[in-house]
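**Q** Here is a sequence with its predicted model. Questions after.
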Amino acid sequence: MKQRSRRVVLLASIILSAGLCRATQATEAPSAPSVAETPPADVAAPPTDAAVTSSGLASKVLAPGTGTDHPLASDRVKVRYAGWKTNGELFDSSHGKAALLPLDKAIAGWSEGVTLMVEGEKRRLWIPEALAYHGRADRPQGMLVFDVELLEILRLPPAPADVAAPPADAERTASGLATKVLVTGTGTAHVSRTGAVKVQYTGWTTDGVMFDSSIPKGVPSTFRLDKVIPGWTEGIPLMVEGETRRFWIPKKLAYRGQEGMPAGMLVFDVKLIEILKP
């Protein structure tokens, strides 16, 4: 939440490419490839034990996941994947890296298939042409086959019920900052007002409009607390690692009428992941 930076525009337009879409690469160290680029033995057609949906999508779980939640069609997901034509030709791949993909921008077979999965799961999808690139001369034709590993579901939270004003049980400081602990942390140390932190956050105006979030980026954000709005400089040092807290930041501790920034009181949900510099 930098004080002088341009406001982050959420869910920027996704540029379609020769693959299912140009998925953004998460800014993290690449992991060892867990989705091979070698075509599977059943690339030409789904096997008899594949599950088939009413739309014609066939899929088979290659490795079970550890999660319980399924992505929504409106979610972004972090995935590794490889895609082949039925002749075994590789036409798209994340090359073993984690890629960010908005499901509402993907081909229909992906949007349907990934919503069947849970985090940690690896699944093979046989996507019929009608759910792929039917009629698009610049895209691969016919049935397509993908191996997909679902690493993480990136879901934007809804506006809090108390977004318009802090509730009676919120803590208030002398400056006018109101806060409420949503999830208790596991740490004991507090960062100073000149320290640096790694956080996940989402911000809303008091009418419930989301204007900023680190969640679509797929990785936490890092900030120096002497370079952010005063409400963050004061509020984050109240937290410990692992804690999630809601802030109601009055205008005088937010952007104070700065051009191009949201006006009035702002509300943030912040998870303090790590103190980088005390």
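**A** Noted; the coordinates are in hand.
**Q** list the contacts for Leu225?
**A** Residues near Leu225 by C-beta atoms under 8 Å, 6 or more residues apart in numbering: 191-197, 232-233, 236-237. Quick note: C-beta positions are derived from backbone N, CA and C, even for glycine.
**Q** Please enumerate the helices of the stretch 1-150 of the chain.
**A** Here the stretch 1-150 of the chain has its helices, by DSSP state H, counting those that start in this stretch, at 108-114.
**Q** Low-confidence regions, it specifically.
**A** Filtered on pLDDT under 70, the stretch 1-150 of the chain yields the residue ranges 1-33.
**Q** Which parts of the stretch 151-278 of the chain are helices?
**A** Applying DSSP H, counting those that start in this stretch to the stretch 151-278 of the chain gives helices spanning 230-235.
**Q** which stretches of it have low pLDDT?
**A** Answering for the stretch 151-278 of the chain: no residues sit below the bar, that is pLDDT under 70.
**Q** And the strands in it, which stretches?
**A** Assigned by DSSP state E, counting those that start in this stretch, the stretch 151-278 of the chain shows strands spanning 171-172, 178-183, 196-205, 210-213, 221-224, 244-249, 266-277.
**Q** can you list the domains in the protein?
**A** 24-154, 171-277 (automatic domain parsing).
**Q** mind checking which of these is nearest Pro160?
**A** domain 171-277 (6.6 Å; C-beta to C-beta).
**Q** What is the end-to-end distance of that closest one?
**A** 26 Å (C-alpha to C-alpha, to the nearest Å).
**Q** Select, out of the strands of the stretch 151-278 of the chain, the one closest to Glu121.
**A** Here strand 196-205 is closest among those (C-beta to C-beta), at 22.8 Å.
**Q** Report the central residue of the chain.
**A** Leu154 (3.0 Å; C-alpha atoms, centre = their mean).
**Q** Who does it form a beta bridge with?
**A** Arg76 (DSSP bridges).
**Q** check contacts around it.
**A** Listed by C-beta under 8 Å, 6+ apart, the contact set of Leu154 reads 75-78, 100, 215-216, 218.
**Q** Skipping adjacent residues, who's closest to Phe211 in space?
**A** Distances taken as C-beta to C-beta, 6 or more residues apart in numbering put Pro262 closest to Phe211, at 4.9 Å, once the chain neighbours are dropped.
**Q** Oh, that last question was meant for Ile215, not what I typed.
**A** Taking C-beta to C-beta, 6+ apart, and ignoring the residues beside it in sequence, Ile215 has Leu154 as its nearest neighbour in space, at 5.3 Å.
**Q** What's the PyMOL syntax to select whichever of the contacts of Leu154 are buried?
**A** In PyMOL, a selection of the buried entries from the contacts of Leu154 looks like this (16 or more other C-beta atoms under 10 Å):
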select buried, resi 75+76+77+78+100+215+216+218
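**Q** Tell me which residues touch the closest residue to Pro220 other than its chain neighbours, please.
**A** Counting by C-beta to C-beta, 6+ apart, Pro220 lies nearest to Lys198, which is 4.7 Å off, once chain neighbours are set aside. Lys198 makes contact with 220-222, 272-276 under the criterion C-beta under 8 Å, 6+ apart.
**Q** which residues does Lys198 form a beta bridge with?
**A** Bridge pairing for Lys198 - DSSP bridges - gives Thr222, Glu274.
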